[in-house]
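# fold the following and give me the result.
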Amino acid sequence: MGQAYEEEYWVPEHVREYLRALGFALPLEAMEPHIRAWHEWMQACGSFYDYKDTDGVGRMYEVHRRSIHPAMRVCREWGSLLLNDKTQVVCGTQECTDWLEGFLAQSGFMAAAQATVVKAFGMGTGAWALWVDADAGSVRIRHYDARMVIPLTWDEEGVTECAFVTRAFWRGRAVDQLQMHLKGAGADFSASLSFSPNESVGRGGYRIVTVCFDEHGNEVAPAGVCPVYETGSPYPTFAIVKPAVDNTRVDMSPYGQSVFADAVDAIQAVDLAFDAMISEIDNGKMRVFLSDVMFDQETDGRGRKVSIPFGRQDCTVFRKVMSTEDTIQEFAPALRTDAQVRAFRCALQMLGDLTGFGLGYFDFDGAGYVKTATEVSADNSALMRNIRRHEHALEGAIAGICRAVMAASRSLGVELPDEGEVRVTFDDSIITDTSAEKRQDMAEVASGLMNAWEYRAKWYGEDEPTARRLAVDADADGARGNVSSALEAGVAGAVRGA
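Predicted structure coming up:
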């Protein structure tokens with residue numbers, strides 16, 4: 001059971017053998033060395049951070065390099081810029097929009113999705129996939145990172161079939177759970193039936209095939225787990241999350257590439273400069289040398305007189321042996337932190353530029369005030385362009401998994417109309433001044449250049465019929481309010497005249 005609580009989880013070999021027996025090629029194996037390396041940079045571990053060195057007399061000792069975790073900072077920054085609780089998913093039908101809003105809020109999807117984006121931008125790939133509890137009649141969205149995702153069928157248009165591997169626990173035992181999201185209908189599924197990956201393509205919707213293995217690689221059948229579930233969804237029941245960065249590590253791979261893959265040297269430069277600053281401050285502390293006469297003496301267990309030390313004092317107080325002159329002598333070396341801070345800033349600028357944020361995004365030396373969205377967009381056009389690119393890639397994944405959720409929910413008895421077009425509205429307040437844009441649109445509505453329903457559809461995420469109806473109701477309420485105000489003014493004038 002030791003492996004049940006391992007620190008890192010990677011697809012075990014018996015699961016890989018099972019997929020190979022089904023005839024699937026595993027693209028994970030070509031990308032796994034890169035994914036492992038990117039994962040180490042995110043955790044700030046590995047040979048760059050923990051290594052061994054030798055002192056002047058040949059003794060070997062371990063060294064740990066200090067880090068500000070720049071790779072993880074890059075990924076978290078992208079996650080917070082792209083997804084937050086203000087992100088909205090809007091359907092062509094208002095009823096579907098309202099239902100989907102409740103589903104996403106109840107399941108806490110957006111908060112967990114941001115963590116998925118963080119890992120996907122770090123390791124190149126992430127995924128969302130449906131998880132169905134048929135007995136309870138509920139659908140949920142599971143989140144996966146690159147270590148758990150194995151595309152099965154793909155082309156340049158994307159991934160159409162995929163497998164996901166996770167660790168679960170059944171009756172106190174660790175179980176490796178393999179879930180394959182496959183196209184086509186089929187009641188039975190077994191490796192012994194010489195299954196062909198392409199045999200069911202084009203027939204029916206998507207099905208979820210679940211196989212479980214114990215820690216020895218033997219197939220097990222936990223109670224309540226459905227081996228084959230027909231989702232009823234014509235859309236893929238999963239969505240692959242990748243940054244808008246071309247994979248230059250492995251050609252034709254369905255996996256993405258880390259957003260900091262080409263910035264590893266900049267990551268090293270940042271932590272080298274940071275570690276040098278800390279070492280400079282630590283080594284540059286004042287040293288105090290005291291004469292023997294400053295120390296009291298006591299008798300040790302062998303009858304010898306020894307000096308009583310002042311305490312450890314972090315190796316800043318030293319005793320001068322056989323000395324009676326200059327009873328207290330100080331030594332304070334000059335610090336070179338200014339030069340190291342400049343090197344640190346330069347490394348941060350290069351890190352920001354190579355990861356798509358622009359030169360000044362991580363630079364800490366400035367006027368000290370918070371910039372408005374207009375100033376950010378004016379000063380950092382590179383950031384704006386890259387946010388748009390990543391949003392475009394992310395929108396397809398979010399819209400796709402939302403379509404699958406609604407389709408699977410319909411098969412469980414939820415009455416939903418056709419959702420129509422599904423679009424994602426991102427919170428772009430960091431790069432656009434949304435308040436100013438709203439004021440501009442309101443001015444255009446007042447001048448007749450924009451319809452009131454168009455304003456509601458744009459800013460409230462309503463479909464066209466709902467926006468038109470509510471806009472008419474608002475106009476009617478406004479007209480009644482104006483008439484009432486006029487009548488009140490007339491009555492008041494008549495009273496004053498009397």
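
# longest strand of the chain?
strand 158-170 (DSSP state E).

# domain-wise, how is the chain divided?
If you go by automatic domain parsing, the domain ranges for the chain are 285-332, 435-498.

# all the helices of the chain, residue numbers only.
13-21, 28-43, 70-82, 94-107, 109-123, 264-283, 337-354, 373-379, 381-411, 434-446, 452-460, 464-497 (DSSP state H).

# what's the least confident stretch among those helices?
The minimum mean pLDDT among the helices of the chain belongs to helix 373-379 (a mean of 55).

# E280 - how many residues pack around it?
15 (other C-beta atoms under 10 Å). All C-beta spots, glycine's among them, are computed from the backbone N, C-alpha and C.

# how much space separates it from P70?
19 Å (C-beta to C-beta, to the nearest Å).

# over to A120?
Taking C-beta to C-beta, one finds A120 at 18 Å from P70.

# equivalent analysis for S80, please.
For S80, the distance to P70 - C-beta to C-beta - is 16 Å.

# residues contacting the nearest residue to G420 once chain neighbours are set aside?
Excluding the flanking residues, the one nearest G420 by C-beta to C-beta, 6 or more residues apart in numbering is G92, at 2.2 Å. G92 sits next to 418-422, 463 when contact means C-beta atoms under 8 Å, 6 or more residues apart in numbering.

# now with 6 Å, please.
420-421, 463 (C-beta atoms under 6 Å, 6 or more residues apart in numbering).

# drop anything exposed from these.
The neighbour count (16 or more other C-beta atoms under 10 Å) marks D463 as buried among these.

# quick one: least confident of the contacts of G92?
Across these, the smallest pLDDT goes to D463, namely 74.

# ok, the residue nearest to it when sequence neighbours are not counted - how many residues close by?
Once flanking residues are discounted, D463 sits nearest to Q94: 4.5 Å by C-beta to C-beta, 6+ apart. Number of residues near Q94 (other C-beta under 10 Å) recorded here: 19.

# same check on E95?
E95 has 14 nearby residues by other C-beta under 10 Å.

# T153 reaches V159, doesn't it?
No. Counting by C-beta atoms under 6 Å, T153 stays clear of V159, with 7.1 Å between them.

# how near is V89 to L412?
20 Å.

# what about those two, which has more around it?
Legend: neighbour count by other C-beta under 10 Å for V89 and L412, higher for V89 (24 against 15).

# for the residue most central in space within the chain, which residues are in contact?
Per C-alpha atoms, centre = their mean, the C-alpha nearest to the average position across the chain is that of V118, at 1.5 Å. By C-beta under 6 Å, 6+ apart, the residues touching V118 are 75-76, 79.

# ok, now Y9?
R167.

# kindly recompute the last result at 8 Å.
147-148, 166-167.

# closest to E395 among these?
If you rank the contacts of Y9 by distance to E395 using C-beta to C-beta, M148 comes first, at 23.2 Å.

# just checking, the closest one touches T166?
Yes. Counting by C-beta atoms under 8 Å, T166 is a contact partner of M148 at 5.8 Å.

# where do the strands sit along the stretch 201-350 of the chain?
206-213, 219-220, 228-230, 238-241, 287-291, 297-299, 305-307, 317-320, 328-331 (DSSP state E, counting those that start in this stretch).

# which parts of the third one are buried?
Buried positions in strand 228-230, judged by neighbour count with 16+ other C-beta under 10 Å: 229-230.

# A120 and P70: who's more crowded?
A120 (30 against 26).

# nearest residue to that one in space, please, no chain neighbours.
Using C-beta to C-beta, 6+ apart, the nearest residue to A120 is G126, at 3.0 Å.

# show me what that neighbour is bridged to.
With DSSP bridges applied, G126 shows beta-bridge pairing to D145, V241.

# buried subset of the contacts of Y9?
Taking 16+ other C-beta under 10 Å as the criterion, what is buried in the contacts of Y9 is 147-148, 167.

# list the contacts of the residue nearest to L394 when sequence neighbours are not counted.
The shortest distance from L394 to any non-neighbouring residue, by C-beta to C-beta, 6+ apart, is to L82 (6.0 Å). If a contact means C-beta under 8 Å, 6+ apart, then L82 has 114, 117, 387, 390-391, 394, 426 as its contacts.

# off-centre distance for stretch 110-123?
In terms of C-alpha atoms, centre = their mean, to the nearest Å, the centre of stretch 110-123 is set 2 Å apart from its chain centre.

# separation between Q440 and V90?
21 Å.

# CSV for the helices of the chain, including distance to H216?
Formatted as CSV, those follow (distance: least, C-beta to C-beta, whole Å):
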stretch, distance to H216
helix 13-21, 8
helix 28-43, 22
helix 70-82, 35
helix 94-107, 35
helix 109-123, 28
helix 264-283, 38
helix 337-354, 45
helix 373-379, 55
helix 381-411, 33
helix 434-446, 56
helix 452-460, 56
helix 464-497, 57
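
# what's around the nearest residue to W41 once chain neighbours are set aside, how many residues?
Leaving aside its chain neighbours, W41 sits nearest to A71 (4.2 Å; criterion: C-beta to C-beta, 6+ apart). A count of nearby residues for A71, using other C-beta under 10 Å, gives 27.
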